[in-house]
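**Student:** following is a predicted model, sequence given first.
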Amino acid sequence: MVESLLADSLVSGAGEKVAAFVVKCLAVAGAFLIGYFVGGAVAWALDRWVFAKKAPEQLKKAVSIIAGVALAILVALIVFGDGGNGMFGRGGGSGDGKGTPSDDGNNKQTPAPPEPKKPEDPPKKDEPPKPTPKPTPGDLRVTIRVGDEVKDDEYYLIGDDPTPKSFEDFKKAIEVRRKTTDPELKTVFYRFNGEPLSITHKAVSRPYAWLDMFKIPFAKE
């Protein structure tokens, strides 16, 4: 029973392919005939209106044959090539999708495997803090104190002096320094002993504006 069904299916499939092939051959033959007659009509018209009936019969017949063969070749390329799904109805293209063909018989394609991720750079270890540069001639280091320990606006530690100073004391100390030990004061560098303050905070903005009157930069270290 199974063998007979299998044989019938094979014969049926082969019959369909042969029938399709015959139809395509008939299409090519029909194209030849159409081209032959159209070429003959064109040759007749040219002989009558262009060559005044002086063209030889062999030339007109050759034009008909060439036209028929050309049209037959064109139709054959269409029906037997990729446009006609091959000689026996099979597709000639391999598809333009990405991936690899699957073997499940459904002509599906499995997606290409994802590209491996590039290894990320290892996190950098905390770099040791840079040593505090020593004051150079014409420079002065000021520490701005932050936090709850600041009382009476005593934000400033000038140089190596451990005594906190208010802004008024800060100005007096700078004026004394300019008149005595450091008349050519060039730059005042500041740093914080804790969480940095905004540049608009009075502990930073007031000395910045005051020193700017003397053209002395107040720069963060």
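**Tutor:** Alright, I've got the coordinates.
**Student:** drop to CA atoms for contacts and neighbour counts, all remaining ones
**Tutor:** OK.
**Student:** where is the longest helix in this structure?
**Tutor:** Counting residues, the longest helix found in the chain (DSSP state H) is helix 2-49.
**Student:** so what's the model's average confidence on that helix?
**Tutor:** Helix 2-49 shows an average pLDDT of 74 in the prediction.
**Student:** helix or strand next in line after it, which one?
**Tutor:** helix 57-80 (DSSP states H and E).
**Student:** I'd like to know which elements that next one is packed against.
**Tutor:** helix 2-49 (3 or more CA pairs under 8 Å, 6 or more residues apart in numbering; DSSP states H and E).
**Student:** helices or strands up against the helix it packs on?
**Tutor:** For helix 2-49, the packing partners by 3+ CA pairs under 8 Å, 6+ apart come out as helix 57-80.
**Student:** what angle do the helix it packs on and helix 2-49 make?
**Tutor:** Angle, helix 57-80 to helix 2-49, by axes from the mean of the first three to the mean of the last three CA atoms, to 10 degrees: 150 degrees.
**Student:** what's the domain layout of this protein?
**Tutor:** Split into domains by automatic domain parsing, the chain comes to 7-91, 139-220.
**Student:** possible to save those domains as TSV with distance to Thr110?
**Tutor:** Listed next are those as TSV, based on distance: least, CA to CA, whole Å:
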stretch	distance to Thr110
domain 7-91	20
domain 139-220	57
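**Student:** ranking these by mean pLDDT, which is last?
**Tutor:** Among the domains of the chain, domain 7-91 carries the lowest mean pLDDT (a mean of 74).
**Student:** run through the residues that contact Val28.
**Tutor:** Val28 makes contact with 72-73, 75-76 under the criterion CA atoms under 8 Å, 6 or more residues apart in numbering.
**Student:** of the residues you listed, select the buried ones using a PyMOL command.
**Tutor:** For the buried members of these, the matching PyMOL selection, counting by 16 or more other CA atoms under 10 Å, is:
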select buried, resi 72+75+76
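**Student:** which one of the contacts of Val28 is nearest to Arg48?
**Tutor:** Within the contacts of Val28, the smallest distance to Arg48 is 26.7 Å, found for Ala72 (CA to CA).
**Student:** pretty sure the closest one is touching Ala31, no?
**Tutor:** Yes - assessed by CA atoms under 8 Å, Ala72 is found in contact with Ala31 at 4.9 Å.
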